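Enquirer: requesting a structural model of the entry that follows:
(one chain, ligands or ions: 3)
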Amino acid sequence: MHPRDQTIFALSSGRLPSAIAIVRVSGPMAEQVVSGLAGKTPAPRMATRALLHDQNGQPIDDAVVLWFPGPASATGEDVAEFHVHGGRAVLATLFGAIAAFKNVRPAEPGEFTRRAFENGKLDLTEAEGLDDLIHADTDRQRRQALRQLKGLLGDRARDWRERAIAASALIEAGIDFSDEGDVPAELIAPALDRIRSLHAEIQGVLAAQGQGERLRDGVVVAISGPPNVGKSTLINQLARREVAIVSPHAGTTRDVIEVQLDLDGYPVTVIDTAGIRETEDPVEQEGVRRARARAAEADLVLWLADNADARVGHEGTTPVWLVHNKIDLGRPLAEPGAGVPEFSISAVRGDGIPELIASLVGFAHDYFGASEGGLIMRVRQRELLQQTADALSRSVDVVGQGEELAAEELRSAALSLGRLLGRVDVEDILDVIFREFCVGK
Ligand SMILES: Nc1nc2c(ncn2[C@@H]2O[C@H](COP(=O)(O)OP(=O)(O)OP(=O)(O)O)[C@@H](O)[C@H]2O)c(=O)[nH]1
Ligand SMILES: [K+]
Ligand SMILES: [Mg+2]
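Expert: Ligands and ions are numbered 1, 2, ... in the order given. The predicted structure is shown next:
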């Protein structure tokens, strides 16, 4: 039997133990499984209480079961749901009882969503939105993913695809009409107008690119500076917990320590690193190397200084803010850097921290863009849209050399948009995309 025709099951709720755990079953055997374990098939879409029994009549758990006959289900197939108590032994027994049915097996990551996709319940951009929604940590990420899940990009791509196909039909009609020789200009001109406006629209979406992808990835802020200036104290202050070891010993931090912050809905990763200095200690040397590398990749560097001798030691193109720490000690401040924003804080006492956080929110706001965010969330989507735009602009360029060439480019544009929606992709590409999803989804 093809794996796709088998019935799959998985834990669809979070980590065990938990108050309630939800196990989903999807496929042709779903009804047999639910009626076998619950003693009867529940009324469709009605939460029904049932004492579950395994094949030997041994009780498993007092549960709530749901029965969604296909195709009006999440996957488009017959689906059963078991809401049980979330103990590890309960789940182990339930899994054993479900797997004992013929042609029933554990689901691969993303397999429920893949079946929904294959049954036309959602397109590929919507499936990606669903995956992002599950992984959204902040409110802005959630809103963006929900827009994608609701088909914001998918609907546009479907419209663009139809228009590319219509333009190509116009040109092909002209080719048939002309028999041989040139296609009359009055047939070509309206097609070209349509292609140009389509191209402009897609270019507009590509130009706003980055925002959605950035929102997905978050912004990275690296705390850097000499040893002992209070970098770890600052990250603890920002995280409001003891994520990093603080000590008066210079060279305490060696590993890169990361915390995820939700700053006004923006996802911000702050990293604490080893103090930058020349050292003989090979372990600290490695820490310094990592610190420099991570600061170079960051989107913003907070350079900490605790006295007048400090100089901003970060090189490269990353924006740097100079943060004077330990102002509670009343030492003279470091010379201001050339036009870099400056802050004065006491990481221990908390002075100046609200102002620093407010400025970080402002930075994130500029970084992610003030608008709701772009339509494009992933490299895959951006590449296919870029290919579409390129093919459209080539079709305009080559029309003088032959209408067939232009029609060919338009077909290629429609193909890229079809890929974006997942309509024309081959198995192995879909495999790669869905593997990234979590099990039970
Ligand atoms: N008075 C005062 N002391 C501070 C402040 N911030 C940090 N310190 C102290 O400075 C010392 C070093 O702090 P850390 O946070 O470990 O400094 P670090 O930059 O992470 O040090 P390394 O990881 O070794 O590079 C500790 O004794 C802290 O208590 C501050 O705002 N005021
Ligand atoms: K230290
Ligand atoms: Mg440290």
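Enquirer: low-confidence bits of the chain, can you list those?
Expert: In the prediction, the chain carries residues with pLDDT under 70 at positions 176-183, 209-211, 310, 336-338, 370-373, 425-426, 428-429.
Enquirer: please parse it into its domains.
Expert: Per the record, the chain has its domains at 3-122, 127-210+376-422, 215-368, by the TED database.
Enquirer: mind checking those domains for the one nearest to ligand 2?
Expert: domain 215-368 (3.6 Å; Cβ to the ion). Yep, even glycine has a C-beta here, placed from its N, CA and C like the rest.
Enquirer: end-to-end on the closest one?
Expert: The first and final residues of domain 215-368 sit 6 Å from each other (Cα to Cα, to the nearest Å).
Enquirer: strands of this protein, residue ranges please.
Expert: 7-11, 18-26, 48-53, 59-68, 79-86, 104-106, 219-224, 257-263, 266-272, 300-305, 320-324, 342-344 (DSSP state E).
Enquirer: in the third one, what counts as buried?
Expert: Read it as strand 48-53. For strand 48-53, the neighbour count (16 or more other Cβ atoms under 10 Å) marks 50, 52, 53 as buried.
Enquirer: list the contacts for the first one?
Expert: It stands for residue 50. Residue 50 makes contact with 37, 38, 39, 40, 42, 63, 64, 65, according to Cβ atoms under 8 Å, 6 or more residues apart in numbering.
Enquirer: of those, buried ones?
Expert: For the contacts of residue 50, a burial check counting by 16+ other Cβ under 10 Å picks out 37, 38, 42, 63, 64, 65.
Enquirer: and those residues, which two are furthest apart?
Expert: Comparing every pair within the buried ones among the contacts of residue 50 by Cβ to Cβ identifies 37 and 64 as the most remote, at 12.5 Å.
Enquirer: Throw the strands of the chain into CSV and include distance to ligand 1, thanks.
Expert: Shown next, in CSV, are the strands of the chain (distance: least, Cβ to the nearest ligand atom, whole Å):
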stretch, distance to ligand 1
strand 7-11, 41
strand 18-26, 37
strand 48-53, 54
strand 59-68, 50
strand 79-86, 40
strand 104-106, 45
strand 219-224, 8
strand 257-263, 9
strand 266-272, 7
strand 300-305, 7
strand 320-324, 10
strand 342-344, 10
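Enquirer: can you list those in CSV and add distance to residue 121?
Expert: Shown next, in CSV, are the strands of the chain (distance: least, Cβ to Cβ, whole Å):
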stretch, distance to residue 121
strand 7-11, 15
strand 18-26, 12
strand 48-53, 24
strand 59-68, 12
strand 79-86, 11
strand 104-106, 21
strand 219-224, 34
strand 257-263, 31
strand 266-272, 29
strand 300-305, 41
strand 320-324, 47
strand 342-344, 50
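Enquirer: kind regards, and thank you for your time.
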